[in-house]
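[1] Task: produce atomic coordinates for the following.
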Amino acid sequence: MALARRLLQLHLRSHLTTLPLPSRNPPRLLPSRGYISEMRRSAFIDRLLRGLRSEISFLADSTPPPPPPPPAPFAVDERPGEQWARLRRAFPAPGGGEDEEVRVDATLVDGALPPTRSGTDTGGPPRLHISVKVVVSKPARPGVALTFECSAWPDEMEVQRVFPVLPGGPAPVQQYGRQFSELDEEMQRAVQDYLEQRGVDDDLAAFLHSYMEHKEHAELVRWLKTIECCIKK
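    Next comes the predicted model:
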């Protein structure tokens, strides 16, 4: 009996000596790579959203004054989200002739030149440029129109090219255009008078610059808010 007890004690002692001792410094759990990447992505998105909201707030505090109403009787189709706008008006033909529709498509500011035509830098602001397309059509004769490509400067509407549009099968066909500068002086004067009678003149050019300044600001805010919504999703 004593021998059996002695053998049991020796067996237990041998097993206890082989058990690992508890570590004084337990292992530290490290975050996984995926967790670290997600944290970095979240921090980047937060910084980007803060930057967007700061820019939107700044633009909201610096909104340009609203543009004046368009020259009568033009009506504006604002085209939200687009980089251009459209103006329309009806032009009653004198003497009981065929009425016309005048359509003016104008881009946002798409270029600039030095302050003076000579190119001399006078230290003033550049002359901003807006591309304008004028279409004069007669509803009674679909597919027949005159098209004018123009440059709207802050103080001047300048004609560049003239195109006739004639019916041609299922769709109207734009004919070969002529450079306005290639026309003789009498023809140039006739074209300018024709457009001015329909309200396409220097006053319209000034309105377009005021209107497009406001529209460009609104479109930038709209774009920033769209980016913000996409990122938040």
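
[2] Please, where are all the strands along this protein?
    In the chain, the segments counted as strands under DSSP state E are 75-77, 84-91, 100-107, 111-113, 127-137, 145-153, 156-166, 173-174, 178-179.

[3] counting contacts, what elements does the first one pack onto?
    Translated: strand 75-77. If contacts are counted by 3 or more C-beta pairs under 8 Å, 6 or more residues apart in numbering; DSSP states H and E, strand 75-77 sits against strand 84-91. Every C-beta, even on glycine, is put in place using the N, C-alpha and C of the backbone.

[4] Given the strand it packs on, what are its sheet partners and their directions?
    Note on strand 84-91: by DSSP bridges, its sheet partners are strand 75-77 (antiparallel), strand 100-107 (antiparallel).

[5] and the ones you listed, which is most packed in?
    Across the strands paired with strand 84-91, the average number of neighbours (mean count of other C-beta atoms under 10 Å) peaks for strand 100-107, which reaches a mean of 19.

[6] Now that one - C-alpha only, CSV.
    What follows is strand 100-107 as a C-alpha-only set of coordinates in CSV (Å, rounded to 0.1, in the frame of the first residue of the first chain):
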residue,chain,number,x,y,z
GLU,A,100,-40.8,82.3,-86.8
GLU,A,101,-39.3,80.6,-83.8
VAL,A,102,-35.9,81.8,-82.5
ARG,A,103,-33.9,79.4,-80.4
VAL,A,104,-30.6,80.4,-78.7
ASP,A,105,-28.4,77.7,-77.2
ALA,A,106,-25.5,79.0,-75.1
THR,A,107,-22.7,77.2,-73.3
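
[7] ok, and what's touching it?
    74, 83-91, 93, 130-139, 152, 198-200, 204, 208, 212 (C-beta atoms under 8 Å, 6 or more residues apart in numbering).

[8] Buried subset of those as a ChimeraX selection?
    Provided next is the ChimeraX selection string for whichever of those are buried by 16 or more other C-beta atoms under 10 Å:
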select :74,84,85,86,87,88,89,130,131,132,133,134,135,136,137,138,152,198,199,200,204,208,212
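
[9] re the thing from before, for my notes, please list the strands of the chain in TSV and give distance to residue 66 and mean pLDDT for each entry.
    Below are the strands of the chain laid out as TSV (distance: least, C-beta to C-beta, whole Å; pLDDT from 0 to 100):
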stretch	distance to residue 66	mean pLDDT
strand 75-77	12	95
strand 84-91	14	96
strand 100-107	17	96
strand 111-113	24	91
strand 127-137	18	96
strand 145-153	19	95
strand 156-166	22	92
strand 173-174	36	54
strand 178-179	37	91
